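In: Quick one: sequence plus predicted model below, questions after.
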Amino acid sequence: MTFINPKTDFAFKKIFGAKKSKDILISFLNAILYQEQKIIQYLEIIDPYQAPRIKGIKDSYLDVKAIITGNKTVIIEMQVLNLLGFEKRVLYNAAKAFSIQLGVGEDYNLLNPVIALTITDFEMFPNTAKIISSYCLKEKQDLTDYTDDIELVFVELPKFAKKLEELETVTDKWLYFLKSANTLREVPPSMAVIPEINQAFDIARQSKLTKRELESLEKREMFIHDSHNAILKAKQEAREEGMKEKALAIARELLDVLDMETISQKTGLSISEIQKLT
């Protein structure tokens, strides 16, 4: 038995965004957003496509969008790649989800709160060890609230390091599911006792996917793999370029002190590269 990787947007939508996934999503959101309190009693999964009201404004697509208890909107995005401008995209999607609630002529007091939940497979905030962090509008100095109508919640999966035998809370188990489900061959008994997590594992069984779904999943995973390798290659080339520039700078300083062969040995540059500096 194998399970699909919940960190791919295809799998995440299938597990958490289907009409039959209401109980799964309620359990997950209560764990992540409300410290396992049963705040969310009602949930309606809605179309995640956010159409612009004005022609020319950028469309946006979310992984999951739902209306929860209190008439709040929750938008969820699972992000594997750390792309340029991603942090601005999070804010853009949250602001759009907030603003498109109103029709023409409707009053602003009809606007309901929006929670933008972003789950990343990379670290967004390396200066803190917090796995789950929440942001809202506050006064800069005394930190008084302006409003909690737009809340940004981030879950950084790489910071979650607990092993299966160390899982204690429902939140731990959901985080472990997201991070490690595709590495398991059976549902761990300690996780199966949570009905919603057991149901999530059942949806994630690879054997239940159609041929077309498997092909879509494989294409998505291949794209993510190739994109990740492209990012690593770009970083490596940047490091190598930086090292080359440093070696050239050292060679320039040594030209009046050492012969070219010795400079070559110390910097790793070729004789011809050193000669071009003269």
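Out: It's in. What you see is a predicted model; the values in this text were computed from it and never measured. Numbering: from 1, shown residues only.
In: all contacts plus neighbour counts: C-alpha atoms, from now on.
Out: Fine.
In: partners of the longest strand along the chain, with directions?
Out: Secondary structure of the chain per DSSP state E: the longest strand is strand 145-156. Partners of strand 145-156 in the sheet, by DSSP bridges, are strand 114-120 (parallel), strand 132-138 (antiparallel).
In: Need the contact partners of the last one.
Out: Applying CA atoms under 8 Å, 6 or more residues apart in numbering, the set of residues contacting strand 132-138 from outside is 32, 144-148, 150-156.
In: quick one: which of those residues is nearest G105?
Out: Closest approach between those and G105, by CA to CA: I150, at 21.9 Å.
In: of the strands paired with strand 145-156, which approaches L254 most closely?
Out: Nearest to L254, of all these, is strand 114-120, at 46.6 Å by CA to CA.
In: hey, C-alpha coordinates of that closest one in PDB?
Out: Only the C-alpha atoms of strand 114-120 are listed here, as PDB (Å, rounded to 0.1, in the frame of the first residue of the first chain):
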ATOM      1  CA  VAL A 114     -10.500  36.100   5.900                       C
ATOM      2  CA  ILE A 115      -7.900  33.700   7.100                       C
ATOM      3  CA  ALA A 116      -5.100  32.900   4.600                       C
ATOM      4  CA  LEU A 117      -3.500  29.600   5.600                       C
ATOM      5  CA  THR A 118      -0.200  28.900   3.800                       C
ATOM      6  CA  ILE A 119       1.600  25.600   4.200                       C
ATOM      7  CA  THR A 120       5.200  25.600   2.900                       C
END
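In: Let me know the average pLDDT across that strand.
Out: Model confidence over strand 114-120 averages 96 on the pLDDT scale.
In: Work out the gap between that strand and the centre of the chain.
Out: 9 Å (CA atoms, centre = their mean, to the nearest Å).
In: ok so, going back, show the buried residues in the contacts of strand 132-138.
Out: Among these, the ones that count as buried by 16 or more other CA atoms under 10 Å are 32, 150-156.
In: Could you dump those residues into TSV and include pLDDT and distance to A247?
Out: Output for the buried ones among the contacts of strand 132-138, formatted as TSV (pLDDT from 0 to 100; distance: CA to CA, whole Å):
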residue	pLDDT	distance to A247
I32	97	49
I150	96	49
E151	96	48
L152	97	44
V153	97	44
F154	97	41
V155	97	41
E156	97	37
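In: quick one: which two of those residues are the most distant?
Out: Farthest pair in the buried ones among the contacts of strand 132-138 (CA to CA) is I150 and E156. Separation: 19.7 Å.
In: which residues of the protein score low on pLDDT?
Out: 1, 48-61, 231, 234, 238 (pLDDT under 70).
In: again, only using 90
Out: Low-confidence segments of the chain (pLDDT under 90): 1-2, 8-11, 18-20, 46-63, 80-86, 99-106, 143, 145, 147-148, 206-278.
In: how about the strands in it?
Out: Under DSSP E, the chain gives strands at 43-46, 49-50, 60-61, 64-68, 72-79, 114-120, 132-138, 145-156.
In: okay, the angle between the longest one and strand 72-79?
Out: Counting by axes from the mean of the first three to the mean of the last three CA atoms, to 10 degrees, strand 145-156 lies at 30 degrees to strand 72-79.
In: Could you measure from A230 over to L81?
Out: 11 Å (CA to CA, to the nearest Å).
In: Pick out whichever of these two has more residues nearby.
Out: L81 (15 against 12; other CA atoms under 10 Å).
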